[in-house]
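Student: Here you go, sequence then predicted model.
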Amino acid sequence: MDDNMMRLYRLRIVNKKRVLSLESGPIPKPGPKEILVLIKAVSLNYRDLMIHDGLIFATDGLIPLSDAAGIVCETGKAVKRWKAGDRVASLFFPDWLDGAYDRNYGANALGGNTQNGVLSEYVVFPENSVIGIGHELSFARAAALPCAALTAWQAMFVRTRIVPDERVLIQGTGGVALSALQFANAAGASVIILSSQDDKLEKAKNLGATHTINYINIPHWDKEIARVTNGKGVSFILENGGPGTFDRSLNALSTGGRIAQIGVLTGFGPSSNLMQLQNKNADILGITVGSAYHFMEMLKFISDYKISPVLDKVFSFENTQLAYEYLRSRAHFGKVIINVHS
């Protein structure tokens with residue numbers, strides 16, 4: 001391929017369905033306040049499946065994915081923060097640098113709606129829309145952070161604060177869940193993990209989970225939580241299921257507890273009776289990733305506690321479609337990575 005050309009994936013509409021299309025195009029040039037990044041690794045999120053499957057609007061020809069890590073290889077004339085050779089990771093919300101979330105940030109989230117993402121050999125970013133990652137983490141592990149880990153971080157240390165000996169319930173063993181498990185362990189909390197697969201629960205124990213529950217074998221898992229907590233319940237729940245799990249989460253919640261709502265894996269459906277939330281004087285926290293400032297705080301925590309993000313499989317750039325299908329299978333334990341450049 002010509003030295004001025006690169007490979008990239010776009011989502012094309014074929015027979016009314018979105019399909020991944022491996023294409024070539026010119027390597028972009030950064031503007032005065034932009035940087036060109038050689039992408040080394042990217043990671044997949046459940047959101048990416050929803051976009052691929054048409055459950056989230058996206059324009060025809062969109063470059064997907066939000067999470068990437070790579071090396072700055074060119075800077076615009078007015079760029080002061082970065083130089084060639086710096087290691088950086090993408091920001092899920094390029095405009096959310098600090099302060100409270102603004103709904104306008106959502107329209108520019110990478111790899112969704114009309115905003116191109118990072119499934120490309122090179123990407124141009126505004127200079128403030130990446131985070132320096134230093135040398136402690138590999139590019140693959142750094143690429144696991146921008147969405148999943150930062151979502152867990154905002155849920156547990158920004159909107160509330162997990163404290164030692166707190167009882168925490170985490171639903172699932174995907175990227176957000178395992179980041180939350182690692183963060184909770186570092187904070188000294190006691191963690192209960194839900195999963196439908198015993199092998200994943202065993203792995204979660206090895207990562208430090210105090211209790212594990214197979215919700216297929218124990219469908220009334222809220223009663224099991226009451227049992228293992230001596231009737232006290234849990235004070236924090238990372239709620240990932242939505243309508244199919246929320247009532248049981250309310251049952252499992254202790255007085256004054258908090259539910260961090262991060263996903264709706266069971267789909268959309270009738271709302272729960274929230275009187276129980278009122279009776280328990282509890283809170284629901286709606287969580288959507290985090291800001292650049294949150295990212296920097298999280299990186300310091302990861303460094304201080306020597307946390308290594310959990311990866312499952314690494315796929316080649318040419319096998320990106322297989323990576324999507326593997327994520328769809330829900331066989332993964334941790335993040336699914338695509339190696340863009342060795």
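Tutor: Arrived safely. All figures in this text were calculated on a predicted structure; none of them were measured in a lab.

Student: now the helix or strand where Arg227 lies, how far from the centre of its chain.
Tutor: In the assignment (DSSP states H and E), Arg227 maps to helix 221-228. Centroid separation for helix 221-228 versus its chain: 28 Å, with C-alpha atoms, centre = their mean, to the nearest Å.

Student: CA-only coordinates of it, as PDB, when you get a sec.
Tutor: The C-alpha coordinates for helix 221-228 follow below in PDB (Å, rounded to 0.1, in the frame of the first residue of the first chain):
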ATOM      1  CA  TRP A 221     -30.400 -14.300  43.700                       C
ATOM      2  CA  ASP A 222     -31.700 -11.500  45.800                       C
ATOM      3  CA  LYS A 223     -32.600 -14.000  48.500                       C
ATOM      4  CA  GLU A 224     -29.100 -15.500  48.300                       C
ATOM      5  CA  ILE A 225     -27.600 -12.100  48.800                       C
ATOM      6  CA  ALA A 226     -29.800 -11.700  51.900                       C
ATOM      7  CA  ARG A 227     -28.400 -15.000  53.100                       C
ATOM      8  CA  VAL A 228     -24.700 -14.300  52.600                       C
END
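
Student: Taking helix 221-228 as reference, get the angle to the helix or strand following that helix.
Tutor: As assigned by DSSP H and E, the chain's next helix or strand after helix 221-228 is strand 234-239. Interaxial angle, strand 234-239 versus helix 221-228 (axes from the mean of the first three to the mean of the last three C-alpha atoms, to 10 degrees): 150 degrees.

Student: which residue ranges form the strands in the stretch 1-150 of the chain?
Tutor: 5-14, 17-26, 34-43, 67-75, 87-90, 122-126, 130-132 (DSSP state E, counting those that start in this stretch).

Student: Mind checking those for the one nearest to Ile213?
Tutor: Proximity to Ile213, assessed across the strands of the stretch 1-150 of the chain by C-beta to C-beta, is greatest for strand 34-43 (27.1 Å). (Each C-beta comes from the backbone N, C-alpha and C, glycine too.)

Student: Note down every partner strand of the closest one and its orientation.
Tutor: Here strand 34-43 has these sheet partners by DSSP bridges: strand 67-75 (antiparallel), strand 122-126 (antiparallel), strand 335-339 (antiparallel).

Student: Pro164: which of those strands is closest?
Tutor: strand 335-339 (27.2 Å).

Student: So for Gln276, what's the pLDDT?
Tutor: Note for Gln276: predicted pLDDT of 77.

Student: Then Asn279?
Tutor: On pLDDT, Asn279 comes in at 87.

Student: for Met6, same thing?
Tutor: Per-residue pLDDT puts Met6 at 98.
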